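Student: coordinates for the following, if possible.
(one chain, ligands or ions: 1)
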Amino acid sequence: MPTHGGMPTQDDLRALDRQHDFFIGLDSDGCCFDSMEIKHKECFIPQIIGYWDCQPVSKFARQAAEFVNLYSQWRGVNRFPALLLTFDLLDAWDKVAERGWSSPEHQALRDWVAAESKLGNPALKAAAEASGDPILALALEWSEHINRTIEWMVHDLPPFPLVHEVLDRAGAQADMIVVSGTPGAALEREWAEHDIDQHVAVICGQEVGSKTQMLEWSAKDKYAPERVLMVGDAPGDLKAARNNGFLFFPVNPGDEAASWRLLHDEALDRFFAGTYAGAYEEALIAEFNRLLPATPPWAAG
Ligand SMILES: [Mg+2]
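Tutor: Next up is the predicted model:
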C-alpha cells in the first residue's frame, strides 16, 4: 500500500485492510490544520484585488471574498467558481455601486467554469492556449501567482489543539484516512512534518478523486454506515459523508479548537458507543450550517 509517496488509486482504497469496526475520514485544510485563514486572507485575496481591478473597492472585495471562501455555504469551493461568486456579490452590493465600480470583463472565465469539469491550472492553461483568450490567460496568471504566494507564505502551521490526542485515541478503535481536496504532495509534507501521518492508513489528495469517491471506495460496504464518521469544516465534507450515508462531525469555522475539544471530550466516545447519530449529530450540524449562511451579512437587511 503506497501510504506515503504517491497517491492511492481507487483499487488501493477498495483493498484497504479493515482492522477495526469503525472508520474515520479526516479533511485536512481548515479541519486538522488552521490553513484556510492564512491561505485566503494572505494569499488569495491580495491577488484577487491586484489582478481583477478591485483596488477602488478593496475593502468590499476582501469582505466578499472572505464571505464566499471562509464564512458561507460556499466555504471550500474551488477558486474559480469562488472568484465568480465574489464578482457577483460585489456587483449586487449597493455600497460598491455607489463607488461606480463593477466587476471587470470575465465572461470567458464564466464560460470555461461552466464547461470544464477539472477546474485546475492544467485545464485552464490548455484552454487559454487553445483559445488565445486574454481573460483566460489573466485567470491563469492570477491562479499561478496564488500558488507561488502560498508556497512562500504558508508553512509551519501546526494542527489545531487536541488533534494529536484525538487521532491517538481514535486510532485504537477506528481505521482512519485523510480525505482532502488539497494537492497530495502538500498533504504528505504537512502530515509528516507534524508526525500525525502515523495515525492514518492513507492520505488522499485532490488527484485521487472527489471526497465522495474517496469515502465510497475506502469504507462503503466494508463498515456499517453508522460506524463511519467524516470530520470536516466545509459543506462539501458534509455532502461527501451524506452521499454515502455516513455520519459527519463538523469542525466549526472560527471556533475550531472548541470543536476539537468537544470531539475529544464527548463526541468521539458517543460515536464509538453508537449514540452519536440522531439528535446529537443534528444539533451539531444545525449549528455548523448557522455559521455558514447563504446570504452575506450586508445583504441580510
Ligand atoms: Mg477543509
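
Student: give me the helix or strand of the protein that scores worst on average pLDDT.
Tutor: Ranking every helix and strand in the chain by mean pLDDT, DSSP states H and E puts helix 184-193 at the bottom, with a mean of 89.

Student: check contacts around the residue in the chain that the ion sits nearest to.
Tutor: Of all residues in the chain, residue 30 sits closest to the ion, at 3.7 Å by C-beta to the ion. No exception for glycine: its C-beta is placed from N, CA and C like everyone else's. When contacts are counted by C-beta atoms under 8 Å, 6 or more residues apart in numbering, residue 30 touches 36, 75-76, 233-234, 251, 253, 256.

Student: hmm, the least confident helix or strand of the chain touching the ion?
Tutor: No: applying C-beta under 5 Å from the ion, one finds helix 184-193 separated from the ion by no less than 11.5 Å.

Student: tell me which residues of that helix are tucked away?
Tutor: For helix 184-193, a neighbour-count test (16 or more other C-beta atoms under 10 Å) marks 184, 186-188, 190-191 as buried.

Student: cool, and stretch 283-295?
Tutor: Neighbour-count burial for stretch 283-295 [16+ other C-beta under 10 Å]: 284-285, 288, 292.

Student: then stretch 50-66?
Tutor: For stretch 50-66, by 16+ other C-beta under 10 Å, it's 51-52, 54, 57, 60-66.

Student: the helices in the stretch 201-301 of the chain, which residues?
Tutor: Counting by DSSP state H, counting those that start in this stretch, the segments of the stretch 201-301 of the chain that form helices are 211-219, 235-243, 256-262, 268-273, 279-291.

Student: just grab the bridge partners of residue 33 for me.
Tutor: residue 29, residue 159 (DSSP bridges).

Student: pretty sure it contacts residue 155?
Tutor: No: taking C-beta atoms under 8 Å as the definition, residue 33 is not a contact partner of residue 155, at 11.3 Å.

Student: the two: who's more crowded?
Tutor: Comparing residue 33 with residue 155 by other C-beta atoms under 10 Å, the one with more neighbours is residue 33, at 24 against 11.

Student: report the lowest-confidence entry in the contacts of residue 30.
Tutor: Across the contacts of residue 30, no position has a lower pLDDT than residue 76, which has 88.

Student: let me know the secondary structure of that residue.
Tutor: Three-state assignment for residue 76 (DSSP: H, G, I helix; E, B strand; the rest coil): coil.
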